[in-house]
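> Coordinates for the following, if possible.
(one chain, ligands or ions: 2)
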Amino acid sequence: QYPLTIPPVKTPVMSITNPVTGLPIDYYEVYISPYQQVVYPTKPPVNLVGYDGISPGPTFLIERGRETVVRFVNNATMANSVHLHGSYSRAPWDGWAEDVTAPGEFKDYYYPNSQAARFLWYHDHAIDHTAENAYFGQAGAYIIHDPAEDALGLPSGYGTYDLPLVLSSKYYQNNGQLVSPAGETDSLYGDVIHVNGIPWPFHNVEPRKYRLRFLDAAVSRSFRLYFQRATGATTKIPFQVIASDAGLLTNPVTTDNLWISMGERYEVVFDFAPFAGQNITLRNYDDVGKDDDYLHTNKVMRFVVGGTPVTDPSTVPTTLAVVDFPPPAGPTVDHHFQFDRSGGDWRINDVVFADVANRVLANVPRGTVELWELENGGGGWTHPIHIHLVDFRVVSRSNDDGRTVLPYEAAGLKDVVWLAPNEIVKVEAHYAPWDGVYMFHCHNLIHEDHEMMAAFNVTALED
Ligand code: C2O
Ligand code: CU
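Ligands and ions are numbered 1, 2, ... in the order given. Alright, predicted model coming up:
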């Protein structure tokens, strides 16, 4: 049992004023570098590659309205592309899969940071190698704050009462090195659950409320999380979901379990006050990702709650934010996409990403609201679907088991939605603010690397 680590906060090299927007720009440099980490004291250290030689990479804490330029320097041996997931970046800085930076080179990325407070993440997006690069360490948190959220009085303070919890799941060889996802064509579930790069860690907390920012950064493993007292109880402890991919929900949603799939973010407030002096275990349902479950994938981490009472000035207001939902969708589906396996590849509408002439599957005039229908073609697979550029509303789910849109899915906007086997999900988004060609894809990184990716073209307004 190892202590949880909290990724350090990234500091800028310098700040200037953007002559075009008049806003301040903070300039950062990140070095993508090989490093070693002792995971098992009895085994040699594992070889990894991370942003600034750590994983997760350093956390960016951004004030809304300050722009950033980040120079990502590739000091590794594989080409990379960096995607800031959840940002409406302009296309040249969105981490297009083929826009790779070779070893020894760098690219400067420009991010507007004008969206409301939200938990973004940056990760590799290199063509055919995203799974390897992300799995060996190229992922990190990027948090935008704004005054409206700060004024709510939620538990706050990065690394103290506001914790990023980056989930992943890995698979080790006997010699202590990771099994590479490179040869994998189905999925890589992994049997060792990591939080912030540490297997099954523990964290000391005070008996008070905490904001926990969950991100599923795993290659193929989804989770259904719940909290339980470590000894003597089988009850799932309720908590409040306050935010999802696109930031705050309209209001907190109380639940005792949380579905989270690859690429998704959910932020919760958990109150440890009733559990002073006890241990709380964060667990995962046994039957999630069950095609390949192992002995201990039903545990995630442990919270060791201090015994001394503390005062807790934080609150969770009953109303959190005004969410910018698109207007209610009419019955007309603008585009239908089917996610299937065929001919050894994972495909969207039977098209592979390598089919350059056919991979733009939709043209969407900028500023329009469209309803997309996403259909899982079956075969028992699940596919978390990510659409770049936009935030969408999950309008409906239809499936055989009667599961509807989850309350915490419905109360905010999303950029990833989980498709269960044979499920059809409708999502509605406002295709704005920029035009350009953007990707959408399955966030099971093995599927993504094996062609389950396509593009849509947001076309310019006529004038
Ligand atoms: Cu988080 Cu296109 O990816
Ligand atoms: Cu998939």
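
> part of a helix, is residue 134?
Yes. Counting by DSSP: H, G, I helix; E, B strand; the rest coil, residue 134 is found in a helix.

> which parts of the stretch 51-200 of the chain sit against ligand 1?
83, 85, 123, 125 (Cβ under 6 Å from any ligand atom). The way it works is simple: take the backbone N, C-alpha and C, and place the C-beta from them, glycine included.

> can you rerun that using 5 Å?
Within the stretch 51-200 of the chain, the residues that sit near ligand 1 (Cβ under 5 Å from any ligand atom) are residue 85.

> What are the buried residues along whichever strand or helix holds residue 300?
Residue 300 is located in strand 299-305, with elements delineated by DSSP states H and E. Residues of strand 299-305 classed as buried by neighbour count (16 or more other Cβ atoms under 10 Å): 300, 301, 302, 303, 304, 305.

> do the same with stretch 19-27
In stretch 19-27, counting by 16+ other Cβ under 10 Å, buried: 25, 26.

> Smallest gap between the stretch 1-150 of the chain and ligand 1, at which residue?
Here the residue of the stretch 1-150 of the chain nearest ligand 1 is residue 85; by Cβ to the nearest ligand atom that distance is 3.6 Å.

> what separates the closest residue to that residue other than its chain neighbours from ligand 2, distance-wise?
Computed as Cβ to Cβ, 6 or more residues apart in numbering, the closest residue to residue 85 that is not its neighbour in sequence is residue 121, at 5.1 Å. Remark: distance between residue 121 and ligand 2 (Cβ to the ion, to the nearest Å) = 19 Å.

> Same check on residue 219?
11 Å.

> Isn't that residue up against residue 181?
Yes. Applying Cβ atoms under 8 Å, one finds residue 219 in contact with residue 181, separated by 5.6 Å.

> Would you work out how far apart the start and end of stretch 10-20 are?
Terminal residues of stretch 10-20 are spaced 25 Å apart (Cα to Cα, to the nearest Å).

> Residues touching that stretch, excluding its own?
Stretch 10-20 has contacts (Cβ atoms under 8 Å, 6 or more residues apart in numbering) with 23-30, 52, 57-61, 67-68.

> What about residue 251, how many residues nearby?
By other Cβ atoms under 10 Å, the residues close to residue 251 number 16.

> Contact partners for it?
318, 319, 320, 411.

> State the mean pLDDT of the lengthiest strand in the chain.
The longest strand of the chain (DSSP state E) is strand 24-37. Averaging pLDDT along strand 24-37 gives 98.

> in that strand, what's buried?
Neighbour count says strand 24-37 has 25, 26, 28, 30, 32, 33 buried, by 16+ other Cβ under 10 Å.

> Does residue 426 touch residue 372 like I think?
Yes. Here residue 426 lies in contact with residue 372, judged by Cβ under 8 Å, at a distance of 7.0 Å.

> joint contacts of those two?
In contact with both residue 426 and residue 372: residue 333, using Cβ under 8 Å, 6+ apart.

> Tell me which of those two has more neighbours.
residue 372 (24 against 21).

> pLDDT score for the spatially closest residue to the more buried one that is not a sequence neighbour?
Excluding its sequence neighbours, the residue lying closest to residue 372 (Cβ to Cβ, 6+ apart) is residue 335, at 4.9 Å. Note for residue 335: predicted pLDDT of 98.
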